[in-house]
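Asks: fold the following.
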Amino acid sequence: MAPLFSKHSKSTHIVNNNDFRKSLKQVLGFRPGNLSIYEAAFIHRSATLTLSSGDRINNERLEYLGDAILDAVLSDWLFRQYPEADEGALTKIRARLVNRDQLNTLAISVGIKDLLISHINKNHTTRHLYGDALEALIGSVFIDRGYNRTRRFILSKLYSTRLDQNKLLDTDYDYKSQVFQWTQKLNKQISFDYSETAQKRTGNPVYNTILRIDHEIFGEGSGLSKKEAEQNAAYRAWKKIRKIGFID
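Replies: Numbers count the residues shown, from 1 in each chain. Sure, this is the predicted structure:
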């Protein structure tokens, strides 16, 4: 893969590969391989770089990949960490760990703020530029070094040292309320469809919920109560709202 930037580029402040590699190593905790992949992780869509070939470079695709990898790593870790927890509880804990404010906090703590290229005011507190860039960075690590190294980076470099997990697990994020507020603000219709199944081993009821906004499916969730199912569906709906750019 050819380098994304030349030393003559006016689209970025990354002008010295040695300086960038050194700064990136401090963020990652290990020596990066292909710098071009990592450079793309720090280009916000507001500062999209257009190459001579016509290709447009920003971190949105890497963010998509990193989001999926982060979910996979944390799902596996929580599955092992909490063997007695059911699906609903595990989903709720994971949602707290990948909350946008938490990702922003993590990103700033490891130094992403100094590397991000954006045309948006970086002091704008309602933006999630840094958390999005952190997900893009995770995508870059996955491409450069594979799953195992990415898993170590997430669990050892980020979550084991940067967050107060006990405090975080005691915090409840009401995604249903956030979705309701968003739909009311934009005069959109929201509805929940319910169905009920039984657990194979116990026969206890499991509630399944589909959340629709203007008749389009935005999220699905399950739980041992309708409230839990609604929250799980709302969590997935809120992620979709964030990812497709309906909010900052």
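Asks: all contacts plus neighbour counts: C-alpha atoms, from now on.
Replies: Noted.
Asks: contact partners for the most centrally placed residue in the chain?
Replies: Closest to where the C-alpha atoms of the chain average out (CA atoms, centre = their mean) is residue 67, at 4.3 Å. Residues in contact with residue 67, defined by CA atoms under 8 Å, 6 or more residues apart in numbering, are 135-136, 138-139.
Asks: could you dump the residues you listed into JSON lines and include distance to residue 195?
Replies: Output for those, formatted as JSON lines (distance: CA to CA, whole Å):
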{"residue": "135", "distance to residue 195": "34"}
{"residue": "136", "distance to residue 195": "36"}
{"residue": "138", "distance to residue 195": "36"}
{"residue": "139", "distance to residue 195": "36"}
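Asks: stretch 174-191 - what's its average pLDDT?
Replies: Mean pLDDT, stretch 174-191: 88.
Asks: gap between residue 44 and residue 131?
Replies: Relative to residue 131, residue 44 is positioned 11 Å away (CA to CA, to the nearest Å).
Asks: hang on, the earlier thing: in a markdown table: the contacts of residue 67, plus neighbour count, secondary structure and distance to residue 148.
Replies: Shown next, in a markdown table, are the contacts of residue 67 (neighbours: other CA atoms under 10 Å; DSSP: H, G, I helix; E, B strand; the rest coil; distance: CA to CA, whole Å):
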| residue | neighbour count | secondary structure | distance to residue 148 |
| --- | --- | --- | --- |
| 135 | 26 | helix | 16 |
| 136 | 29 | helix | 17 |
| 138 | 29 | helix | 12 |
| 139 | 28 | helix | 13 |
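Asks: want to throw those residues into JSON lines with distance to residue 98 and pLDDT?
Replies: Shown next, in JSON lines, are the contacts of residue 67 (distance: CA to CA, whole Å; pLDDT from 0 to 100):
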{"residue": "135", "distance to residue 98": "10", "pLDDT": "95"}
{"residue": "136", "distance to residue 98": "14", "pLDDT": "95"}
{"residue": "138", "distance to residue 98": "13", "pLDDT": "97"}
{"residue": "139", "distance to residue 98": "15", "pLDDT": "96"}
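Asks: strands of the chain, start to end?
Replies: 49-50, 56-57, 190-198, 205-213, 216-223 (DSSP state E).
Asks: so which of those gets nearest residue 118?
Replies: strand 49-50 (10.8 Å; CA to CA).
Asks: who touches the closest one?
Replies: 11, 43, 56-58.
Asks: ok, 6 Å please
Replies: 56-57 (CA atoms under 6 Å, 6 or more residues apart in numbering).
Asks: just checking: what are the partner strands of that strand?
Replies: Partners of strand 49-50 in the sheet, by DSSP bridges, are strand 56-57 (antiparallel).
Asks: off-centre distance for the partner strand?
Replies: For strand 56-57, the distance from its own C-alpha centre to the chain's C-alpha centre is 21 Å (CA atoms, centre = their mean, to the nearest Å).
Asks: now that strand: average pLDDT?
Replies: Mean predicted confidence for strand 56-57 is 82.
Asks: likewise for stretch 62-78?
Replies: The pLDDT scores in stretch 62-78 average 94.
Asks: list the buried residues of the lengthiest helix in the chain.
Replies: Ranked by residue count under DSSP state H, the longest helix found in the chain is helix 60-81. For helix 60-81, burial by neighbour count (16 or more other CA atoms under 10 Å) applies to 60, 62-67, 69-70, 73-75, 78.
Asks: and if you look at stretch 34-52?
Replies: 34-35, 37-45, 47-49.
Asks: also stretch 102-118?
Replies: Neighbour counts using 16+ other CA under 10 Å place 103-107, 110-113, 115-118 of stretch 102-118 among the buried residues.
Asks: just stretch 79-97 next, same as before
Replies: 88-97.
Asks: export it to PDB, keeping only CA atoms.
Replies: Listed next in PDB are the C-alpha coordinates belonging to stretch 79-97 (Å, rounded to 0.1, in the frame of the first residue of the first chain):
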ATOM      1  CA  PHE A  79     -18.400 -13.700  28.400                       C
ATOM      2  CA  ARG A  80     -15.300 -15.100  30.300                       C
ATOM      3  CA  GLN A  81     -15.300 -12.500  33.000                       C
ATOM      4  CA  TYR A  82     -18.900 -12.900  34.000                       C
ATOM      5  CA  PRO A  83     -19.800 -16.600  33.500                       C
ATOM      6  CA  GLU A  84     -23.100 -16.300  35.400                       C
ATOM      7  CA  ALA A  85     -24.400 -13.300  33.500                       C
ATOM      8  CA  ASP A  86     -27.200 -13.700  31.000                       C
ATOM      9  CA  GLU A  87     -27.300 -12.200  27.500                       C
ATOM     10  CA  GLY A  88     -29.100  -9.100  28.600                       C
ATOM     11  CA  ALA A  89     -26.700  -8.300  31.400                       C
ATOM     12  CA  LEU A  90     -23.700  -8.800  29.200                       C
ATOM     13  CA  THR A  91     -25.100  -6.600  26.500                       C
ATOM     14  CA  LYS A  92     -25.800  -3.900  29.100                       C
ATOM     15  CA  ILE A  93     -22.300  -4.000  30.500                       C
ATOM     16  CA  ARG A  94     -20.800  -3.900  27.000                       C
ATOM     17  CA  ALA A  95     -22.900  -0.900  26.100                       C
ATOM     18  CA  ARG A  96     -21.500   0.900  29.100                       C
ATOM     19  CA  LEU A  97     -17.900   0.100  28.000                       C
END
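Asks: noted, bye for now.
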